[in-house]
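Trainee: A predicted structure for the sequence below; I have some questions about it.
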Amino acid sequence: MEKKLVYMFSEGDATMRNVLGGKGSNLAEMTKLGLPVPQGFVVSTDACNDYYADSETMSANLMDQVKANMLQLEGITKKSFENEENALLVSVRSGARASMPGMMDTILNLGLNDKVAAVMAIDNARLAYDSYRRLIQMYGDVVKNVDRDHFEKDIDTLKVKFNKDTEHDFTPDELLELVNLHKDTYLRLVKEPFPQDPFVQLTSAIESVFKSWNNTRAKYYRRMNNIPDEWGTAVTVQEMVFGNRNDNCATGVAFSRNPATGEDELYGEFLYNAQGEDVVAGTHTPLPISELAKSMPAQYKQFLDVSKQLEKHYHDMQDMEFTIDDHKLYILQTRAGKRTAQAAVKIANDLVKEGVIDKQEALDSLDVRIIDGLLHPQFDTDVVAKLEPIATGLPASPGAATGLIAFTAQKAVEYFDQGKPVILVRLETSPEDIEGMHISEGILTARGGMTSHAAVVARGMGKSCIVGSSDLIIRDNVMIVNNVEYHEGDQISIDGGTGFVYAGRIETQSATISEDFNNLLEWADEKAELKVYTNADSSEEIQVALEFGAQGVGLVRTEHMFFEADRIRAVREMILSTTPLQREIALRKILPTQREDFEKIFRTMKDKSVTVRYLDPPLHEFMPTTTQDIEELAEIMNMSSAEIRDVIRSLHEFNPMMGHRGCRLAISYPEIALMQTRALIEAAINVSNELDGITIKPEIMIPLVGDVKEFTYLASRIRKLADELIAEANISLEYMVGTMIELPRACLLATDIAKEVDFISFGTNDLTQMTYGFSRDDAAIFLKNYYDIGIYENDPFQTLDTVGVGSLIKMAVEKARAVKPNIKIGVCGEHGGDPQSINFFKQLHMDYVSCSPYRVPIARIALATTTK
């Protein structure tokens, strides 16, 4: 029996998302609900994957099933796909299981040809020729890769000829002339006539949607959103209904709640006598949905009821596309709506209050990647109150952003690579701009509405965005506002919450956590089995993390303390010492400041867990690089500059990442580890005496251990000194000595290591480097090639490689727990704040994850969400 690859809407439902894609499964589900959905069928994701497995070939089995399902659709609609009389026209759209707005391709009005258009024109010439010219444009663009600018030039030519402002003002005869001009352009560029066979059109369109799964923007979007390449896309073939039939027609996009603020209001835009692409492309400024309530009250009321029905059915805010064809409402699509972080939090709270969802569903509804936007700085309100905005637009996605103007995605990437913040400024964005949008601080467009490409994508990314700023004139890489020119590289600031654009740079202030967000965090803590710690090196950073809900400190990097101006000279003296006595004298200068640092941390943390990593980087990183600093150090050390340079040269290594660092430094120079032990234990004793009733329990972490003997050599000396200091103070103080597992060998030897250590923390940054055999700092040069080819889907330094590095971690955890079931185990690499990586750590039942302060709320929510 042949494999089933095509399904009628009536054969599916919402549970078939993996097979039918998001769009197809939702259309099938709405069909089951009895909603007004134009009927059709879905070419499954299996067909897409078979297409790529079979060297990009459309199989005979697939085409037979497409034809069989088209026959069924003809029976349902009482129309014919291959006959000009009562012709069946269809749309062909992509639909992956994860929403990828604008990343893949769509073609409308398939089935139109010269004969069909002529017959349609008898009843409605405008509809016939307007739809036909759109088909030629989209088919040429999507199937034959003809740049749309060629077709836009045709339109511009006729606008001048007929003295019309837009193509929407063309008469039917003028639209027919545009059709013929488009056909000439198609023939000239494609070297063949526009196809007249509807099935040739359909087959080519389905294949083009398959191909669009691997276009540049789709691959980039998948990598950005951790969507696996092997999912493939489904293709939805659906009967056309026409929002451009006459003035009793409309088409639009709407959300069941405000996607920018979360307010419970129908929110969207529409155009009269138009097709859906006109609304979302940003080429026309649409009307607010509230206007529809005045002109078509019955259809508006029906649509409002449908939106609430879908919201309750799917337990989430919905993003819907609709068409009104001669007074009849049709729902073309529904999906969970992209929303800002602020809106996501409010909607989740409100739906719980309304009894639509429970707390777990509220947490699962959050896209934790954009919740980060709540924690980003905003403009100081006192500052902007004194400023006059140079322009205003629609506030499409809140947040403050400042940066250099870039008029193209390529220039945005260029500035980003130079470490410069960017504001992407465009007439309107298109899917080709995805990379520039992703790396920009904010997005500003002169055209488009609140549901335009720029608005929807920016909200999904949590980027500040202003659209439809008619104050802007953008031409020849210049932005003109009120006769003032702003050039590429000039600095501007935008506020996506107000829609105001300002000249120059504006300082920002930290965001605050709202009551709604705090509710979600408290619900998350109720559900989470792991704790969230923070990676922080000062009491100030730790205080921020505590305010965000951190339950401990998983990593204090002591080397960061050494770079302070008041202590770097003493560190350099220590490095230049040639005898243990000289080194100890230099270390005595560092001891008081190191102890004071620890005291501040303990006072801030009180009885919460604090893990301190001893000195880790190679010593050359502390040495001066400028001539002035070298000469100053030479004078202090009573050495010549040449001698200082000789020492610096001797410290440099061929591969510092794998060189004299971590525990290897402490083994060569035990006095360093002992000084840090004295500073840490004395600080704990002092603060314990200060804070009556508070128990300080420091955790000492020895880095880069690859052999248990390295650990026992250092731990015995650390414990001996610590015990002596505690005894001298006549105080009861507990401490722990553990290790940071960063080497594959340590994972293999985890049984022996676990017997000796009090705790284990995985340093996933270095463990990833050591497992892959390349440096995080250097890998960016070639990793882009790996992504493009498809060798890697994600950056392993951002999202944990669960197959390779994850296997080592899993093995080490199992070995350690086998000999010490209650050993404390956590993660302190950057992966500790990555939601996808956190899902893996949850499965290993670790005790905690540790991340930077501003990622603490994200980690708290990620720990409580259901693993998908």
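Mentor: Great, that's in hand.

Trainee: what count of nearby residues applies to M736?
Mentor: When neighbours are counted by other C-beta atoms under 10 Å, M736 registers 15. Bear in mind the C-beta positions are built from the backbone N, C-alpha and C, glycine included.

Trainee: quick check: phi and psi at the closest residue to it other than its chain neighbours.
Mentor: Once flanking residues are discounted, M736 sits nearest to D758: 3.8 Å by C-beta to C-beta, 6 or more residues apart in numbering. Here is the backbone geometry of D758 (degrees, to the nearest 10): phi -90, psi -20.

Trainee: same thing with the one 10 residues further on?
Mentor: The phi/psi pair for T768 (degrees, to the nearest 10) reads phi -70, psi -50.

Trainee: how about the contacts made by it?
Mentor: 776, 796-797, 800-801, 805, 829 (C-beta atoms under 8 Å, 6 or more residues apart in numbering).

Trainee: kindly check the end-to-end length of stretch 211-229 for me.
Mentor: Stretch 211-229 has its terminal residues 13 Å apart, counting by C-alpha to C-alpha, to the nearest Å.

Trainee: centre of the chain to that stretch, how far?
Mentor: On the basis of C-alpha atoms, centre = their mean, to the nearest Å, stretch 211-229 sits 13 Å off its chain's mean C-alpha point.

Trainee: mind listing what's buried in that stretch?
Mentor: 211-215, 217-224, 227 (16 or more other C-beta atoms under 10 Å).

Trainee: between all of those, which two are separated the most?
Mentor: The span of the buried residues of stretch 211-229, defined through C-beta to C-beta, is set by K211 and M224 at 20.3 Å.

Trainee: which residue packs closest to G489, ignoring adjacent ones?
Mentor: Per C-beta to C-beta, 6+ apart, closest to G489 is L404, 5.3 Å.

Trainee: average pLDDT across whichever helix in the chain runs longest?
Mentor: If you go by DSSP state H, the chain has its longest helix at helix 114-142. Helix 114-142 shows a mean pLDDT of 95 in the predicted model.

Trainee: before we move on, back to that, which of the buried residues of stretch 211-229 fall in strands?
Mentor: Using DSSP state E, no member of the buried residues of stretch 211-229 sits in strands.

Trainee: in the longest helix of the chain, what's buried?
Mentor: Buried residues in helix 114-142, counting neighbours by 16+ other C-beta under 10 Å, are found at 116-117, 120-121, 124-142.

Trainee: got a list of contacts for the strand or helix carrying the residue nearest to G489?
Mentor: Under the criterion of DSSP states H and E, L404 resides in strand 400-406. Outside strand 400-406, the residues within contact range by C-beta under 8 Å, 6+ apart are 376-379, 412, 414-415, 420-425, 436, 440-442, 463-464, 479, 486-497, 505-506, 508.

Trainee: switch to 7 Å and redo it
Mentor: Identification of contacts with strand 400-406 by C-beta atoms under 7 Å, 6 or more residues apart in numbering yields 377-379, 412, 415, 420-425, 436, 441-442, 464, 479, 486, 488-495, 505-506, 508.

Trainee: likewise for stretch 553-571?
Mentor: The contact list for stretch 553-571 (C-beta under 7 Å, 6+ apart) reads 533-537, 542, 586, 589-590, 593-594, 597, 601, 605, 609-617, 622, 636, 676, 761, 826, 828, 848, 850.

Trainee: count the neighbours of R335 for me.
Mentor: Counted with other C-beta under 10 Å, residues neighbouring R335 total 19.

Trainee: which helices and strands sit right next to the longest helix of the chain?
Mentor: Applying 3 or more C-beta pairs under 7 Å, 6 or more residues apart in numbering; DSSP states H and E, one finds that helix 114-142 contacts strand 106-110, helix 148-162, helix 172-190.

Trainee: returning to what we had before: so which of the contacts of strand 400-406 belong to strands?
Mentor: The strands, defined by DSSP E, take in 378-379, 422-425, 442, 464, 479, 486, 491-495, 508 from these.

Trainee: hmm, back to that, mind putting the contacts of T768 in CSV, neighbour count and pLDDT included?
Mentor: Output for the contacts of T768, formatted as CSV (neighbours: other C-beta atoms under 10 Å; pLDDT from 0 to 100):
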residue, neighbour count, pLDDT
R776, 18, 68
P796, 24, 87
F797, 23, 83
L800, 28, 94
D801, 22, 94
V805, 25, 97
G829, 27, 80
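
Trainee: how far away is P624 from L651?
Mentor: In this view, P624 and L651 are 12 Å apart by C-beta to C-beta, to the nearest Å.

Trainee: okay, now the unreliable bits of the stretch 1-150 of the chain?
Mentor: Scanning the stretch 1-150 of the chain for pLDDT under 70 picks out 102-104.

Trainee: change it to 80
Mentor: Residue ranges of the stretch 1-150 of the chain with pLDDT under 80: 1, 101-105.

Trainee: contacts for stretch 830-845 next, please.
Mentor: 226, 368-369, 530, 764-765, 798-800, 802, 806, 809-810, 813, 827, 849-852, 855, 858-859, 862-863, 867.

Trainee: only the buried residues of that stretch, if you could.
Mentor: Neighbour-count burial for stretch 830-845 flags 830-842, 844 (criterion: 16+ other C-beta under 10 Å).

Trainee: strands along the stretch 551-700 of the chain, start to end?
Mentor: Assigned by DSSP state E, counting those that start in this stretch, the stretch 551-700 of the chain shows strands spanning 552-557, 609-613, 698-702.

Trainee: which helices and strands does the second one pack with?
Mentor: In this case it means strand 609-613. Applying 3+ C-beta pairs under 7 Å, 6+ apart, we find strand 609-613 packed against strand 552-557, strand 698-702.

Trainee: ok, now how distant is the residue nearest to G489 from D795?
Mentor: Distance from L404 to D795, by C-beta to C-beta: 25 Å.

Trainee: ok, those two, which is more surrounded?
Mentor: Using other C-beta under 10 Å as the criterion, L404 and D795 rank with L404 on top: 22 against 17.

Trainee: ok, that one to Y614 distance?
Mentor: Relative to Y614, L404 is positioned 41 Å away (C-beta to C-beta).

Trainee: just I506 next, same as before
Mentor: Distance, I506 to Y614, using C-beta to C-beta: 42 Å.

Trainee: now H831: how far from K312?
Mentor: Using C-beta to C-beta, H831 is found at 37 Å from K312.

Trainee: scratch that, R475 is what I was asking about
Mentor: From R475 to K312 the distance is 48 Å (C-beta to C-beta).

Trainee: higher neighbour count, these two?
Mentor: Neighbour tally, R475 and K312, criterion other C-beta under 10 Å: the higher count belongs to K312, 16 against 9.

Trainee: spit out the contact partners of I760.
Mentor: I760 is in contact with 738-739, 741, 754, 816, 823, 825, counting by C-beta under 7 Å, 6+ apart.

Trainee: quick check: it is in a helix.
Mentor: No. Going by DSSP: H, G, I helix; E, B strand; the rest coil, the assignment for I760 is strand, not a helix.
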